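Asks: What shape does this take:
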Amino acid sequence: MSSKNKQPKPTQKYGTVRSNVPIALGSTAREASAAHLNQILADTMTLRDLYKKHHWQVSGPAFYQLHLLFDKHYEEQSELVDTIAERVQLLGGVAIAMAADVAEATGVPRPPKDREDPTVQIARLLEAHDIIIAEARRYAKEASEAGDEGTNDMLISDVVRTNELQVWFLNEHVL
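Replies: A predicted model of the protein is given here:
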C-alpha cells in the first residue's frame with residue numbers, strides 16, 4: 001500500500017457477524033450476543049488493568065497481601081478476557097481489542113493516575129465488579145432467551161462466578 005491515506009479494506013467490519021457460522025444459532029442472536037460480549041470484554045479489560053494499576057501502586061500495612069491478591073486477580077481477569085474474546089469470535093463477530101477502543105466503550109469509570117489509599121482502590125475494584133456482574137447476569141438472561149445457551153453458560157460459569165469470588169476476597173478487606 002503506497003498511499004498514506006489509503007486504508008486496507010477490512011475482512012470483516014466490527015459490529016457484524018459472519019453469515020457462514022454453522023453453530024445452529026441465527027445471525028440475529030449471534031449479533032446480539034457478540035455486541036453484549038464486547039461490552040463485557042471492554043469492561044473486563046478495564047478491570048484487569050485496574051488490578052495491575054493497584055498491584056503496582058498499593059501501599060500500607062496490608063501491602064504484601066494486597067500486592068499478591070491484586071496480581072492473582074489480574075491473572076484471572078486476563079484469562080476471562082481471552083475466554084470472552086474467543087466466544088465473540090466463535091459467534092462470528094469481531095472482538096474489541098485495542099486500548100483506545102476499550103477506553104471508549106467501557107462503562108467502568110476511569111481512575112486517576114495518582115496512587116490511592118488501599119481502601120479507595122478496593123472500593124474502585126468492587127464498583128467495577130458490580131458493573132460487570134450486573135451486565136453479565138442481564139446479558140446471560142437475554143442470551144438464553146435467544147437460544148444462545150453457550151453464551152449464557154460462559155457468562156454465568158466464567159464471568160459471574162470469577163467476579164463473585166474476587167468480590168468476596170476484596171470485600172473481606174473492608175468489613
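Asks: okay, now residue 100: neighbour count?
Replies: 7 (other Cβ atoms under 10 Å). All C-beta atoms are positioned from the backbone trio N, CA, C, and that covers glycine.
Asks: Now for it: which residues touch it?
Replies: For residue 100, the contact set (Cβ atoms under 8 Å, 6 or more residues apart in numbering) is empty.
Asks: Likewise for residue 83?
Replies: With Cβ under 8 Å, 6+ apart, residue 83 has these contacts: 154, 158.
Asks: got a pLDDT number for it?
Replies: Confidence at residue 83, expressed as pLDDT, is 98.
Asks: try the one 3 residues further on
Replies: Among the per-residue scores, residue 86 holds a pLDDT of 98.
Asks: If we ignore the residues flanking it in sequence, what's nearest it?
Replies: Spatially, and ignoring its direct neighbours in sequence, residue 86 is nearest to residue 95 (7.8 Å; Cβ to Cβ, 6 or more residues apart in numbering).
Asks: Show the pLDDT at the one you found.
Replies: pLDDT, residue 95: 98.
Asks: I'd say it and residue 88 touch.
Replies: Yes - under the criterion of Cβ atoms under 8 Å, residue 95 is in contact with residue 88, at a separation of 4.1 Å.
Asks: which neighbours do these two share?
Replies: 37-38, 41.
Asks: Just the ones in helices from those residues, please.
Replies: Of the shared contacts of residue 95 and residue 88, the ones assigned to helices by DSSP state H are 37-38, 41.
Asks: Out of the residues you listed, who's the most crowded?
Replies: Per-residue neighbour counts (other Cβ under 10 Å) across those peak at residue 37, which has 30 neighbours.
Asks: Residue 102 versus that residue, what's the distance?
Replies: Separation of residue 37 from residue 102 (Cβ to Cβ, to the nearest Å): 13 Å.
Asks: residue ranges with poor pLDDT in the chain?
Replies: Within the chain, the ranges that satisfy pLDDT under 70 run 1-3.
Asks: Residue nearest the middle of it, spatially speaking?
Replies: With distances taken as Cα atoms, centre = their mean, residue 44 lies nearest the centre of the chain, 2.0 Å away.
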